[in-house]
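> 3D, please:
(one chain, ligands or ions: 1)
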Amino acid sequence: MESKKLAAEKATESIADGMIIGLGTGSTAYYAIQKIGQRVQEGLAIQAIATSKQSEELAVSLGIPLIAASDIDYIDITIDGADEVDSRWNLIKGGGGALLREKIVASASKQLIIVVDESKVVAELGRFPLPVEIITFGFEITMRKLEKLGCQPILRQAGVKPYVTDNGNYIADCHIGSIPNAEELHSALQLIPGVVDNGLFIGMASQVIVGYMNGTAKQLEK
Ligand SMILES: O=C(CO)[C@H](O)[C@H](O)COP(=O)(O)O
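Numbers count the residues shown, from 1 in each chain. Purely as a prediction, here's the structure:
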């Protein structure tokens, strides 16, 4: 989609020689990785760390040099997509199932640039079902606890089997409707045994670039 591409390519303009770059996951991050690959082929000297096996394979196919998480202390810039962004730049992520690695990489990044098309910008988070990564052991118990928090959790499927993340876990997509207090919900979710992480990214984005149908891309004002 052109508006995703516009936002993603604009974000890559901040990348310079010598940087360590976090590569996001999803159809918008895909365009950023493609552009980074093109610039690497033209001589840009960077190293990258991927947030999913899918993005890692794409990076390798484009000749982007990868670096292991164990070999870095920080990441200069990560470019990633989101499923929802509110006016405070809080996010729902994980529609592509990569939320855990995305959050680890984001947390080690000096700058997290979020790239979205205009359909992702919302007044309040929660319309998009919140992905929660859960341990497979006792997942039914964990799902019941999620339900008690007021979510309607649906175990994500891949065909006839549960979807399994790159980390070997399941994802419960929690239908909430609206999240008036994201900080509170985030803390409550993290207290449930069996929850590894959830798709709320609070206060992590340094910039949000939105691509519009009219062919422009600009930073979302806070
Ligand atoms: O969080 C993610 C993957 O876990 C993605 O960034 C999110 O789902 C947005 O994807 P897309 O750019 O394809 O709309």
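> show me what the lengthiest strand in the chain is packed against.
In terms of residue count, the longest strand belonging to the chain (DSSP state E) is strand 109-117. Based on contacts counted as 3 or more CB pairs under 8 Å, 6 or more residues apart in numbering; DSSP states H and E, the elements that strand 109-117 packs against are helix 2-11, helix 27-41, strand 75-80, strand 207-211. For the C-beta atoms, the positions are set from N, CA and C on the backbone; glycine is no exception.
> quick one: buried residues of that strand?
For strand 109-117, burial by neighbour count (16 or more other CB atoms under 10 Å) applies to 109, 111, 112, 113, 114, 115, 116, 117.
> ok, and which of the residues you listed reach the ligand?
Restricting the buried residues of strand 109-117 to those adjacent to the ligand (criterion: CB under 6 Å from any ligand atom) removes every one of them.
> thinking again about what came up before, now, of the helices and strands packed on strand 109-117, which is deepest in the fold?
The highest mean neighbour count among those, using mean count of other CB atoms under 10 Å, belongs to strand 75-80: a mean of 26.
> pairing partners for it, with directions?
Strand 75-80 pairs in its sheet with strand 20-23 (parallel), strand 109-117 (parallel), by DSSP bridges.
> ok, back up a step: how far out from the middle of the chain is the longest strand of the chain?
Distance of strand 109-117 from its chain centroid, counting by CA atoms, centre = their mean, to the nearest Å, is 9 Å.
> neighbouring contacts of whichever helix or strand comes after that strand?
Beyond strand 109-117 on the C-terminal side, the first helix or strand identified by DSSP states H and E is strand 130-134. Residues from elsewhere that reach strand 130-134 (CB atoms under 8 Å, 6 or more residues apart in numbering): 92-95, 97, 99-100, 142-143, 146, 151, 153, 156, 165, 167, 169-174, 176, 179, 185, 189, 194-200.
> can we see that at 6 Å?
Outside of strand 130-134, the residues that reach it under the criterion CB atoms under 6 Å, 6 or more residues apart in numbering are 92, 94, 99-100, 142, 165, 169-174, 176, 194-199.
> just stretch 23-30 next, same as before
Judged by CB under 6 Å, 6+ apart, the contacts made with stretch 23-30 from elsewhere in the structure are 4, 8, 33, 48, 50-52, 55, 59, 79-81, 96, 98, 115.
> show me which of the contacts of strand 130-134 neighbour the ligand.
Restricting the contacts of strand 130-134 to those touching the ligand (CB under 6 Å from any ligand atom) yields 94, 99.
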